[in-house]
Each structure stands twice: as C-alpha cells, then as structure tokens.
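A.B. asks: what follows is a predicted protein model with its sequence.
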Amino acid sequence: MIPPKFRAKQIFNWIYQQHVDNFSQMENIPKKLRNELEERFVLSPLKIVQKQQSSDGSIKYLFGLRDGHTVEAVLLKMKDAQYDEKGELIHHAKYTVCVSTQVGCKVGCAFCLTAKGGFIRNLTAGEIVGQVLEIKKDNDIASNRRVNIVYMGMGEPLDNLDNLAKAIRIFANENGLSISPKRQTVSTSGISTKIKKLGEMELGVQLAISLHAVDDELREELIPMNKAYNIASIIEAVRAFPVNTRKRVMFEYLVIKDVNDDIASAKKLIKLLEGIKSKVNLIYFNPYPGTRFERPEPEKMKKFQEYLLSKGLLCTIRESKGLDISAACGQLREQELEGVTK
Ligand code: SAH
Ligand code: SF4
C-alpha cells in the first residue's frame, strides 16, 4: 500500500499545481479514494461572479461563496512582460494578488466601504487560498510563476488569525503554490495584541499597518477601534515584530483631503516611526457615493511625500491601481449588492 503521506503530496500537487476542477481528474489516485474525497470535500469553494479589467492591467474579481455571500480579490500586474527585438522574453510579468479574509468587517473604519455592510463571517483557509487558485487558473499563470500575496482585500486579517495562519502555511507549502511567507504581506488596522500574537507565531510574513493618522483623536474618528488599541500600543507591537533582515514594516497612510494631508502630520509621522525600519505607502482616498471624504490634491500628496523623503523616510505613492474599476476593496461588492453594475 502507498503510504497516506505520499497520497497527500499527490493530491496537493493536483490541487495547487495542476489546478484540477474535480477529484475524478486525479489520475494517479485510486478510484475508491477519489470517490471518498468527492463525497467529503469541495475542490472549488469559489465561483467568479464578476470580473472587471482596468486600463492599467489589473483585474478585479467578485467571487461567490457557497452560501451566496461574495468577496473581492484583485490581480495586480506590477510590471508587464518584456520582450527583446527578436520577440524573446526578457522579464516575466510581476503579479500580486490582493485577497479578502472576511465577508464584511467588524472594525468599522469611517472611510471604508467594506465596513458599511457590517461583519458577516470569517473566510475559511480554503476560501482565502481559493481566491489565488481561481485567479491563477483564470489568467493561465503557470504554477512555477512568482506571485506575491497581500492580505489587503475585504476584512481584518487579524480578526481571523487561525484561518489566516493556515492560509499562509498552505500558500508557502513547497508541494503546492510555494509562495514564501516573505512574499506575503498581512495588512492590519492595528489590533496590537494580535500583531504580537502573529509575531510570536514566527510565520515569517511581512507586516503592513494601516495607520492613516498620527494622533489618537483623529485616528479614533477614522478607526473607532483605536480607542482600545491606540497608536502607542501599535508602535510598541511593531517594534516587537520579527522583521526579515532585508525587509521593512510598511505603514499605509490613506490620504484624505483636508483631513490628514498637511505637512504637520508628515512631521509627526517621522517622529512616530523613528528607529523603525519602515516604508510609508501613501494611498489616495478613493471616493464612493455617499462618503463625506474627498480625494486629496495630487500636489499636496507630492509635497507630503517629498517631505518624508527629505527626512530620509522611504515613501511611495500608491497610484489607485485601477481607479476606473473602483479599486478600493469593497467597492465592487457594494455596487453588485445595490444593483449598480447589473
Ligand atoms: N483590514 C485591513 C486590510 C484590508 S483594508 C486593513 O485595514 O489594513 C485594505 C486597505 O484598503 C486599507 O489600507 C484601507 O486603508 C484601504 N481602503 C479602504 N477604503 C479605502 C478607500 N475608500 N480608498 C482607498 N483605500 C481604501
Ligand atoms: Fe475593515 Fe480594513 Fe475596511 Fe477598516 S479599512 S473597515 S479594517 S477592511
């Protein structure tokens, strides 16, 4: 008899490298076992409900889950494939997939559309991993191609820590997708206690903090949870987080017109991040119907960035990738729920 461990490896390979749709395609697995698997497990927990292509090449997906709820994921092409004059490939395209971890979210940020519908449920590890599998399949991305994962879709990943950790490990498994934790970034709105816990799990993932404000008063207004986990507690948790020697902690700063786009805030940001190996990512607020917030002026954004750079802080501006496809997560789902895109 072939040992079960070996079978597990084979099954893993069929699912994560061959991208099969059902157990009957697993040719080297005995029929009896295939039938048993068919009865007990689901291979494709997600169906593509909607797909929108942006002019910059990113593709946004709305996935239907088996209970009828929907979540979003985005395939971002960071770089196009490059060919020489003979048509030979020089560089592969660079892919990043932004995945959701929950249906809805409990955190309730004032600027976020996902927060509007409240919290519905956690995604299972299978549903988290499934988003990447479906996207790879849909775009014919070869199994050996490098893909980065960012947990920046809908939901607060650290509110679903057990399933998140499972997904990180499944992604990383060398018999499967082989996506090293170094290439997986967990973005959190700052649940300090859970940041500590994630660090203690020693998974080797990258950390991104959705900071968005430099004083507690404003941050509480934007992210109500800041009352329980204030900025100081987040910074303390970040300092304790094991960061890969060649990497930095990313601080996301959503820039909102006349709210947090002033140079005084940039100054405070520098003080706050003193001594932390960090990188700041400035994000344009992406407006949607009914929000009281506005997108900042590009000149203000540039000035903010230049100030940080002049003080030696690494800082990039995240062009709203696929602004024309309502890039901020939660926006496609909301349109679908309201029937806007139907
Ligand atoms: N819950 C986690 C990860 C998902 S949110 C977190 O908050 O970090 C993913 C990102 O989308 C966050 O950085 C958030 O700031 C951003 N986001 C939410 N609403 C947005 C909007 N209207 N415009 C631009 N970015 C937005
Ligand atoms: Fe949740 Fe992140 Fe949206 Fe805040 S920004 S409500 S934490 S998904």
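C.D. replies: Nice, I can see it. Ligands and ions are numbered 1, 2, ... in the order given.
A.B. asks: what pLDDT does the residue in the stretch 1-150 of the chain positioned nearest to ligand 1 get?
C.D. replies: Nearest to ligand 1 in the stretch 1-150 of the chain, going by C-beta to the nearest ligand atom, is residue 112, at a distance of 3.9 Å. The way it works is simple: take the backbone N, C-alpha and C, and place the C-beta from them, glycine included. pLDDT recorded at residue 112 is 91.
A.B. asks: that one and residue 106 touch, don't they?
C.D. replies: No: applying C-beta atoms under 8 Å, one finds residue 112 not in contact with residue 106, separated by 11.7 Å.
A.B. asks: how about the contacts made by residue 184?
C.D. replies: The contact partners of residue 184, by C-beta atoms under 8 Å, 6 or more residues apart in numbering, come to 148-151, 168, 171-172, 205-206.
A.B. asks: rerun that using 10 Å as the cut-off
C.D. replies: 99, 147-151, 164, 167-168, 171-172, 203-206 (C-beta atoms under 10 Å, 6 or more residues apart in numbering).
A.B. asks: now the spatially closest residue to it that is not a sequence neighbour: which helix or strand?
C.D. replies: Take residue 184 and drop its neighbours on the chain: the residue closest to it by C-beta to C-beta, 6 or more residues apart in numbering is residue 149, 4.4 Å away. Using DSSP states H and E, residue 149 sits in strand 147-151.
A.B. asks: for that strand, packing partners?
C.D. replies: strand 70-79, strand 94-98, helix 125-138, helix 161-172, strand 184-188, strand 206-210 (3 or more C-beta pairs under 10 Å, 6 or more residues apart in numbering; DSSP states H and E).
A.B. asks: does ligand 1 sit close to stretch 122-135?
C.D. replies: No: judged by C-beta under 6 Å from any ligand atom, stretch 122-135 stays clear of ligand 1, getting no closer than 12.6 Å.
A.B. asks: same check, this time on stretch 313-320
C.D. replies: No: judged by C-beta under 6 Å from any ligand atom, stretch 313-320 makes no contact with ligand 1; its nearest approach is 6.7 Å.
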